[in-house]
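> Model the following, please.
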Amino acid sequence: MSSKSSRREFIAGLTAVAGSWAIPPAAFSSLEPLYPPMDLSHFDTPISAAPAEIKIGYAAITWGGNDRRAIEDIAALGFSGIQLRSNLLSEFPNPTDVRNLLEQHHLTMVALSSGGVRIEGSDDTSEIDRHVQNAKYTHSAGGLYLQVTDKKPKGSVNNGYKKLGRLLTEIGKRSADLGVRLGYHNHMGSMGQSPEEVDRVLDAADPRYVKLELDIAHYLQGGGDPAKAIQQYHDRLLFLHIKDVESTPNRDSADGNGFRFVELGRGRVDLPAVFKALQDVRYRGWAVVELDSVPDPSRSPTESARISKNYLCERLGISI
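Presented below is the predicted three-dimensional model:
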């Protein structure tokens, strides 16, 4: 017998065996379906992104370091979040005490302001460690984010952006390991003052570890449009400072630069446009109202906070 004939007979034999085990088509009609019928028409409509959800907090900076009083007043006004500064560590060296105090007042610690990152000098390790220690404190106190800006050196800073980006990235990596995300705060007088400079800082840092904490008043004073910045950086926004600023051409300002920060609705920031932009990009996160100091000495920090709250609620229809 030839090898070709053997192969044909072998294959034919296998086919006959398989056929003997085959289930007649009629038998399938009597089997129960393994799963119930499904309506797949629901998958015809694309799933849209979740709508915007903006949570409003307030910064304790206006109280000038009296954080215990700030916590009490901010909670009494109905805000659900608070931002604190690193001076907190001297009054509350044990972060558990802060956590307990905030829980008593039903406040979320949105962020801790960790100060500026210095690029001058050669001891980068100490500079990184300083901010990482603040991130550890933030985590233990139940906080969400760490905020940093930078210490702008004298002279040209063109070669400093690369180093700043490297330091920010390393701080961001280590704080992320602690469960605390890092936000860079654009600021007047810093390496991230103008929109172009903010671009340079963010381009130099790893976007996985360094996000933007957008201060809308500093951004406007630096020559930018905060609403456009929200559109541009929507996928990198960590949280925002909701703030207002007025020009002081004929008056002395706190920093001598011809401007001062004021309560919401009393300055030049187009706040309706800012909140519309947040809605347009479906922003879901924190917006912290901030006022560095009370512009009118006849008012208290609480009275200034109430003015800003009333503007948000009554003029913009935003719930606190």
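> Next, the contact list for residue 279, please.
Applying Cβ atoms under 8 Å, 6 or more residues apart in numbering to residue 279 gives the contacts 51, 52. To be clear about C-beta, it is placed using only N, CA and C from the backbone, and glycine gets the same treatment.
> Which phi and psi values does it adopt?
phi -70, psi -40 (degrees, to the nearest 10).
> and residue 159, what pLDDT?
At residue 159, the model reports a pLDDT of 83.
> again, but for the one 10 residues further on
According to the model's per-residue confidence, residue 169 sits at a pLDDT of 98.
> if I look at it, how far off is residue 123?
18 Å (Cβ to Cβ, to the nearest Å).
> Using the three-state scheme, assign the closest residue to residue 291 other than its chain neighbours.
Distance criterion Cβ to Cβ, 6 or more residues apart in numbering; nearest residue to residue 291, sequence neighbours excluded, is residue 62 at 4.9 Å. Secondary structure, DSSP: H, G, I helix; E, B strand; the rest coil: residue 62 is helix.
> Test my guess that residue 62 contacts residue 305.
Yes - using Cβ atoms under 8 Å, residue 62 is in contact with residue 305, at 6.9 Å.
> overlap in contacts of those two?
residue 291.
> Between the two, tell me which one has more neighbours.
A direct count of neighbours by other Cβ atoms under 10 Å for residue 62 and residue 305 places residue 305 higher, at 26 against 23.
> you'd agree the more buried one is up against residue 73?
Yes - if you go by Cβ under 8 Å, residue 305 and residue 73 touch, sitting 6.9 Å apart.
> that older thread, quick one: pLDDT of the residue nearest to residue 291?
At residue 62, pLDDT is 98.
> Kindly report the same for residue 100.
98.
> On the three-state scheme, it is what?
Note that with three-state DSSP, the state of residue 100 is helix.
> if I look at it, how far off is residue 194?
42 Å.
> Give me the more crowded residue out of the two.
Neighbour tally, residue 100 and residue 194, criterion other Cβ under 10 Å: the higher count belongs to residue 194, 16 against 13.
> Which stretches in the protein count as strands?
In the chain, the segments counted as strands under DSSP state E are 53-59, 81-85, 108-118, 145-151, 181-185, 210-215, 237-242, 244-247, 259-262, 284-289.
> can you tell which of those strands is closest to residue 295?
Nearest to residue 295 among the strands of the chain is strand 259-262 (5.0 Å), distances taken as Cβ to Cβ.
> any idea how far the closest one is from the chain center?
From the chain centre to the centre of strand 259-262 is a distance of 24 Å (Cα atoms, centre = their mean, to the nearest Å).
> quick one: strands adjacent to it?
Sheet pairing here is set by DSSP bridges, and for strand 259-262 it gives strand 244-247 (antiparallel).
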